[in-house]
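# Would you be able to build a 3D model of this:
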Amino acid sequence: MTQLSDKRQPRRGRIFPEYTIEPEELARRKAEQEARYRRCRAVFDRLQPELIADHYNWLMIIEPNSGDYFIDPEEKVAMEKARQKYPSGKLVIFKINETGACGKI
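Have a look, this model is predicted:
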């Protein structure tokens, strides 16, 4: 009988190597994301003092190119409002509080 080796070599590598994203493309995407966040953060910082008294802990969705924003206490409703006007736009979500953070850290 043939004996099988107990030492198996682990297979290393990507499952789908053809879907690998180049480092330059990843860096470009990250730079675009950071620029989009900075534009939206400027809008949020400008509006936050006015809105915090009446709309504390509501969600604010901002479209970075136009500066339009949509607020609602529920995320789904705010997102529906934003998607009606900007169906394919990249949007940024903030919570109207001291930090602007959404969710738990």
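# Can you show me the helices along the protein?
With DSSP state H, the ranges of helices along the chain come out as 23-51, 75-85.
# Packing partners of the last one?
In this case it means helix 75-85. If contacts are counted by 3 or more CB pairs under 8 Å, 6 or more residues apart in numbering; DSSP states H and E, helix 75-85 sits against strand 59-62, strand 69-72. In short, each C-beta sits where N, CA and C put it, glycine included.
# Can you tell me what sits against it?
For helix 75-85, the surrounding residues in contact (CB atoms under 8 Å, 6 or more residues apart in numbering) are 58-61, 63, 68, 70-72, 89, 91, 93.
# pLDDT weak spots in the chain?
1-6, 103-105 (pLDDT under 70).
# Flag every buried residue along stretch 53-73.
The neighbour-count check on stretch 53-73 (16 or more other CB atoms under 10 Å) flags 55, 58-64, 69-72 as buried.
# For the nearest residue to Y86 once chain neighbours are set aside, list the residues it contacts.
Excluding the flanking residues, the one nearest Y86 by CB to CB, 6 or more residues apart in numbering is E63, at 5.1 Å. For E63, the contact set (CB under 8 Å, 6+ apart) comprises 69, 82, 85-86, 89, 91.
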